[in-house]
Each structure stands twice: as C-alpha cells, then as structure tokens.
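# Here's my sequence, what's the structure:
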Amino acid sequence: MVGIAGTGLVAAGAGRASAATSDIAILQTAASIENLAVSTYTTALTLPFIGGTMANGVVKAFAMKTMAQHAEHAQAFNAAVVKLGGREQNGPDPKYAAVVKAAVPTIKGPGDVVALAITLEDVAAQTYTRNVSQVGTSMLRMLLGSVAAVEAQHRAVLLAVQALLPVSNGALITLPPNLATLPKAAGSVAFPNAFYPTTMASPATEGALR
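Next up is the predicted model:
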C-alpha cells in the first residue's frame, strides 16, 4: 500500500510539472506575440502618416495607447512565466516576425499599417481565446481571457479605421465622430463575428523558449 501511494504521489507530481511546463510555453508564446506588437507599433509610429505631422490625430493616439497596452500585456505574461519557474520571453514571435519583416518595406500608406496591425491583433486575440481552456489555473484563465478581450477591441477599432480611411482620405476618423456622415458599414464592419474564431491561433509552443 505504501508503494502504491508513493507511485501515486510521483505520478501526481509529474502531472503538475507537465502542466506547469505547458502553461509556461503558452505564456511565453503570448509574451512573444505582445513583444512583436510593441515593436511593430513602435516602427509604425516613426512613419510620417502614423506618428508624424501627416498622421490622423485619432489614429496616432490609438497607436500610442495600443503600443503601451501591448507592453503591459507582455509584462503580465512574463510575470506569470517567472512565477511558474520559467524564463521571461523578451523576443518576438518567430512566425509573425517574419511576416512583419516582409511587410514593412512594402508599406506605402496608413492603410498598409492598419492591415498589418489587424493581422497581429487578430492572431493575438484568437491565440489567447483558444488557450483560455488550455491553461491549468483560474488565474491564468482570467489573464488570457482579459487580454484576449482587449486585443479583440483593438481589432474592432482597426477594422473601423480601415473602412473609413478610403472615405475622404480618413477625414471621417474623428472623436467624437460625425454620425450623419458615416457610411452604413460603420455600424457593422468592426464586429463581423458573433463568436470569436480560433482558426488562426498560434500553437502553444510557437514562441516558447527552449
């Protein structure tokens, strides 16, 4: 009986260690996605039509605020990693870093930046939405769920901006908006899904440290 009990304790300990390793990988991947978002918005804000004198004021303010929020998300994910005994992930997601690197030289205007940002925000939201059910504690589920909601919010704003940029060269992107002049699409374009998809979610180990 003592032997059986000891075997059970060993198995339980191994199970907890395996779960913690999985959680660390998920969190490191999340941090890598956030790191990439920070660097992408940082680069975007050096462009005259996003962060310079040619920029729409609302778009510039959004980019600055969103960049700061991504930095906070990365810090939160890394803090959770360290608490579990893992190493902080301070590098970018390798898959989408290549996507950003390829896209940056082709950027000609704000619409290109917005399209790239939509992709990154969507990948982040889908990844965290899927991983809410994969992590092992309620604290981590709350962390991933809350950040996923913010990334989905970012995407919604960007979809609205994308729809309004071609209209009068973005003149309708104002706060508060002039509701009488907005196109009909403004009422629905930012929220195309009744349920958030996860088909673009990154694998748990995509940005994990090895």
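
# and Ala25, how many neighbours?
Look at Ala25: counted by other C-beta atoms under 10 Å, it has 23 neighbours. C-beta coordinates here come from the backbone N, C-alpha and C atoms, glycine included.

# so which helix or strand takes in it?
Per DSSP states H and E: Ala25 is located in helix 2-44.

# avg pLDDT for that helix?
Averaging pLDDT along helix 2-44 yields 78.

# Then stretch 153-167?
Rounded mean pLDDT across stretch 153-167 is 94.

# do the same with stretch 118-134
Rounded mean pLDDT across stretch 118-134 is 98.

# One more: stretch 86-100?
Across stretch 86-100, the per-residue pLDDT values average to 98.

# check contacts around Lys101.
Contacts for Lys101 (C-beta atoms under 8 Å, 6 or more residues apart in numbering) come out as none.

# follow-up on the earlier one: helix or strand right after the helix holding Ala25?
By DSSP H and E, the next helix or strand past helix 2-44 is helix 57-83.

# Counting neighbours, what do you get for Met200?
13.

# Helix, strand, or coil at it?
coil (DSSP: H, G, I helix; E, B strand; the rest coil).

# separation between the residue lying closest to Asn35 once chain neighbours are set aside and Ala160?
Residue nearest to Asn35 in three dimensions, not counting chain neighbours: Pro92, with 5.0 Å by C-beta to C-beta, 6 or more residues apart in numbering. Applying C-beta to C-beta, to the nearest Å, the value for Pro92 to Ala160 is 27 Å.

# wait, what's in contact with the most centrally placed residue in the chain?
Residue closest to the average C-alpha location in the chain (C-alpha atoms, centre = their mean): Ala124, at 3.2 Å. Going by C-beta under 8 Å, 6+ apart, Ala124 touches 30, 33-34, 37, 147-148, 151.

# who wins for neighbours among those residues?
Ala30 (34 neighbours).

# Check whether it really touches Ala148, as I assumed.
No: at 9.6 Å, Ala30 does not count as touching Ala148 under the criterion of C-beta atoms under 8 Å.

# what do those two both touch?
124, 128.

# List phi and psi for the nearest residue to Gly51 once chain neighbours are set aside.
The spatially closest residue to Gly51, leaving aside those adjacent along the chain, is Leu45, at 3.3 Å (C-beta to C-beta, 6+ apart). Torsion angles at Leu45 (phi, psi; degrees, to the nearest 10) stand at phi -70, psi -10.

# contacting residues around Leu45?
51, 60, 63-64, 67.
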